[in-house]
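*Asks:* here are the coordinates; sequence isn't available:
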């Protein structure tokens, strides 16, 4: 185990400080907020941490310890026995929990604020393991995204919109109805020909035609003594039945198993929606936003390129979920963009969220210039958010870290203020 490296940025002994484990984007924001309040901070970070984050923490007046905070000697270097709180801010749930349990055993009275990704487990972890607060950043941020999406849309832009409408090319699924029609025509042709040429009743002719099309052939009817033309027609029925039934069966199976049937149901549901919100990205933040909006009886349509099975199964029965690229205009239009009240881009990529926002604004100018939509984008980079807000008021940019970090700081500095994390969650709404 590597020996923890401790920076000598601060002089003297610290007391009543806060120890922050993890110096990612979220952990750095927590350090900044604590230092703004004059709280001494020791941050434990790994050697792989980006240098700009280390420099930013040092510039704020934090002390850094490089090492693995799961090991007791690293935590001992941070003087947990003198600390007022420990904040576990990494995105690794298991590492956070492992450390929290070790620290709780060594420091029974220390305030421990732990980051976790599962809302359903947070209160259970608090109760069973005597952790002060277990908070879920995506859940804390979801209310703010929902509020922003429900806010009134901006005023129509003075920018002249383009008169032309894009002709969109849609990728069509195989036309099952055409194959079914051909099969029906073969069936009706067989019934009529067998009824007129070999004297079968309509029922017997229908029965005989089905046995030929399905290649069952029980032997109770046959074409052995019939004219050559009728035999030739029977051969056409056999080949046509085999090909059409095999093709129809394979396409129907693929239609169901590939999720196209679910997509078709979702599109039919979306056609009835008015004033709904289009949510792009079904990660932990997107899922929490969808749940918050549903709790307010707001209709939501979700778009995602690679749906996670667990989240998809949990949400698809209650919310229309489209599999597609939200940066493409046809996908947004399929999600009912012309009738939507807002678009929320909540993927884990700033570039992708901005691209979705730009495409949505383009569609506003093309299709509804007098009726703009609210565009809410998830943004990790605060500098990017400031630049965009400086030049355009069409977009609302929110950061999960910016929203959740102050609540983690509040939980660490005032652990007695609320008996459980529910109080902090209520304060975030």
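*Replies:* Alright, I've got the coordinates. Computed from a prediction, not measured in an experiment: that's the story for all the values here.
*Asks:* Give me the distance between the residue nearest to residue 305 when sequence neighbours are not counted and residue 125.
*Replies:* Distance criterion C-beta to C-beta, 6 or more residues apart in numbering; nearest residue to residue 305, sequence neighbours excluded, is residue 325 at 5.6 Å. For glycine as for every other residue, the C-beta is placed from the backbone atoms N, C-alpha and C. Distance check for residue 325 against residue 125: by C-beta to C-beta, to the nearest Å, it reads 37 Å.
*Asks:* Check residue 110 too.
*Replies:* In this view, residue 110 and residue 125 are 16 Å apart by C-beta to C-beta.
*Asks:* What residue in the chain is the furthest from its centre?
*Replies:* Taking C-alpha atoms, centre = their mean, the residue of the chain most remote from its mean C-alpha position is residue 225, at 66.2 Å.
*Asks:* buried sites along the helix ranked longest in the chain?
*Replies:* If you go by DSSP state H, the chain has its longest helix at helix 228-257. Using 16 or more other C-beta atoms under 10 Å as the test for burial, helix 228-257 gives 230, 233-234, 237, 240-241, 244, 248, 251, 255.
*Asks:* Where does the prediction get shaky in the stretch 151-300 of the chain?
*Replies:* 156-176, 254-261 (pLDDT under 70).
*Asks:* repeat that for 50
*Replies:* 159-173 (pLDDT under 50).
*Asks:* Assign a three-state SS to the most centrally placed residue in the chain, would you?
*Replies:* Taking C-alpha atoms, centre = their mean, the centroid of the chain lies closest to residue 282, which sits 0.7 Å from it. Secondary structure assignment for residue 282 (DSSP: H, G, I helix; E, B strand; the rest coil): coil.
*Asks:* Next up, the contacts around the closest residue to it other than its chain neighbours.
*Replies:* Nearest residue to residue 282, sequence neighbours excluded (C-beta to C-beta, 6+ apart): residue 304, at 4.1 Å. Counting by C-beta atoms under 8 Å, 6 or more residues apart in numbering, residue 304 makes contact with 280-282, 286, 312, 321-323.
*Asks:* swap the cut-off to 7 Å and go again
*Replies:* Counting by C-beta atoms under 7 Å, 6 or more residues apart in numbering, residue 304 touches 281-282, 321, 323.
*Asks:* next helix or strand past the longest helix of the chain?
*Replies:* Remark: after helix 228-257, the chain's next helix or strand is helix 260-270, criterion DSSP states H and E.
*Asks:* packing partners for that following helix?
*Replies:* Secondary-structure packing of helix 260-270 (3 or more C-beta pairs under 7 Å, 6 or more residues apart in numbering; DSSP states H and E): strand 321-323.
*Asks:* Give the pairing partners of the strand it packs on; include direction for each.
*Replies:* Each strand paired with strand 321-323, and its direction, by DSSP bridges: strand 300-304 (parallel).
*Asks:* Report the inter-axis angle for the strand it pairs with versus helix 260-270.
*Replies:* On the basis of axes from the mean of the first three to the mean of the last three C-alpha atoms, to 10 degrees, strand 300-304 is oriented at 140 degrees to helix 260-270.
*Asks:* neighbours around residue 382, how many?
*Replies:* Look at residue 382: counted by other C-beta atoms under 10 Å, it has 14 neighbours.
*Asks:* go on, residue 224?
*Replies:* By other C-beta under 10 Å, 6 other residues sit near residue 224.
*Asks:* which phi and psi does it have?
*Replies:* Backbone torsions of residue 224, given as degrees, to the nearest 10, read phi -60, psi -40.
*Asks:* residue contacts, it?
*Replies:* Taking C-beta under 7 Å, 6+ apart as the test, residue 224 contacts no residue whatsoever.
*Asks:* Quick check: buried residues in stretch 38-58?
*Replies:* Of all the residues in stretch 38-58, those buried under the rule 16+ other C-beta under 10 Å are 39-45, 49, 53-54, 56-58.
*Asks:* could I get those as JSON lines with pLDDT?
*Replies:* As requested, the buried residues of stretch 38-58 are exported to JSON lines (pLDDT from 0 to 100):
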{"residue": "39", "pLDDT": "94"}
{"residue": "40", "pLDDT": "95"}
{"residue": "41", "pLDDT": "96"}
{"residue": "42", "pLDDT": "96"}
{"residue": "43", "pLDDT": "96"}
{"residue": "44", "pLDDT": "96"}
{"residue": "45", "pLDDT": "94"}
{"residue": "49", "pLDDT": "92"}
{"residue": "53", "pLDDT": "93"}
{"residue": "54", "pLDDT": "95"}
{"residue": "56", "pLDDT": "94"}
{"residue": "57", "pLDDT": "95"}
{"residue": "58", "pLDDT": "95"}
